[in-house]
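Chemist: Give me the fold of what follows.
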Amino acid sequence: MTPLAPFLCAAAFVPLIALPAHSAPTEVQLSCDQGLRAPICRALAAVLAQSVGPVILSEAPAEGRLALRFVPALQSHDSLSGHLVWQTPEGRTGEGATLTLSVLDASLNREMLDRFAVELLRHSNLPL
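Modeler: Numbers count the residues shown, from 1 in each chain. Predicted structure coming up:
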């Protein structure tokens, strides 16, 4: 039986942010509870790297970089809920929508988390 997994609409990795041709590469800093040990952090880092370039993992925001943090609201083997908060190099801050991924008959897997990461970034209102 194929697991039933309600996803937010996202077919695959797609460029999330279309940067103008004259834009310099954006240095993005990502922080998550448990760092890269957290599967959602690995998924976010992969999507960001594909969309905007190298991602720096760190605990605290650094000057001169766009800083992102995943804030979990709920985490279990079959569901994940949370949102992104961000801070620009100039100090402006923002918060994305809280999204939830829930699976009825399976555990969350890499493909599910990759799609969830795409949607988190899409609904984060990042200033890129």
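Chemist: Shouldn't Leu101 be within a strand?
Modeler: Yes - counting by DSSP: H, G, I helix; E, B strand; the rest coil, Leu101 is found in a strand.
Chemist: quick thing: my sequence starts at 40, can you match it?
Modeler: OK, 40 is where the count begins now, so the last one is Leu140.
Chemist: Tell me where the model's unsure across the chain.
Modeler: Along the chain, the parts satisfying pLDDT under 70 run over 40-64.
Chemist: quick one, helices of it?
Modeler: With DSSP state H as the criterion, the chain has helices at 78-91, 149-161.
Chemist: how about the strands in this structure?
Modeler: Along the chain, counting by DSSP state E, strands occupy 67-70, 94-96, 105-114, 118-126, 132-134, 138-141.
Chemist: Check these for me and report the most buried one.
Modeler: Across the strands of the chain, averaging neighbours per residue (mean count of other Cβ atoms under 10 Å) puts strand 67-70 on top, at a mean of 21. Yep, even glycine has a C-beta here, placed from its N, CA and C like the rest.
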